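In: need a 3D model of the following:
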Amino acid sequence: MPDWLKWALKKNMATAEDLRRTEEMGSLDGADIEKVSPRARERAAEQLGTLGAGNHFVEVGVVDQF
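Out: So this is what the prediction gives:
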């Protein structure tokens with residue numbers, strides 16, 4: 001389990017179910033952070049926890065009647 005997910009679980013900001021639903025359980029085997037450029041890290045830091053840059057959106061609906 002990645003450290004960020006352990007932190008989120010400890011802070012009650014995630015659940016075990018979140019882990020099961022996270023692609024690759026939040027970590028890719030063989031990934032090398034050193035291969036990520038400083039510029040890419042800088043850009044990603046501003047988007048952490050968002051849908052990312054660009055034309056992305058989420059629509060949320062509620063079913064109140066069955």
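
In: and the gap between the residue nearest the centre of the chain and residue 11?
Out: Nearest residue to the geometric centre of the chain (Cα atoms, centre = their mean): residue 49, 6.2 Å. Residue 49 is 13 Å from residue 11, where distance means Cβ to Cβ, to the nearest Å. Quick note: C-beta positions are derived from backbone N, CA and C, even for glycine.

In: keeping just the C-alphas, turn the longest helix along the chain into PDB.
Out: The longest helix of the chain (DSSP state H) is helix 38-47. Extracted in PDB, the C-alpha atoms of helix 38-47 (Å, rounded to 0.1, in the frame of the first residue of the first chain):
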ATOM      1  CA  PRO A  38      10.800  18.700 -12.100                       C
ATOM      2  CA  ARG A  39       8.400  20.600 -14.400                       C
ATOM      3  CA  ALA A  40       6.000  17.700 -14.500                       C
ATOM      4  CA  ARG A  41       6.100  17.400 -10.700                       C
ATOM      5  CA  GLU A  42       5.400  21.200 -10.400                       C
ATOM      6  CA  ARG A  43       2.400  21.000 -12.700                       C
ATOM      7  CA  ALA A  44       1.000  17.900 -11.000                       C
ATOM      8  CA  ALA A  45       1.300  19.500  -7.500                       C
ATOM      9  CA  GLU A  46      -1.200  22.200  -8.500                       C
ATOM     10  CA  GLN A  47      -3.700  19.500  -9.800                       C
END
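
In: what does it contact?
Out: residue 53 (Cβ atoms under 8 Å, 6 or more residues apart in numbering).

In: what comes up buried for that helix?
Out: Along helix 38-47, not one residue counts as buried under the neighbour rule (16 or more other Cβ atoms under 10 Å).
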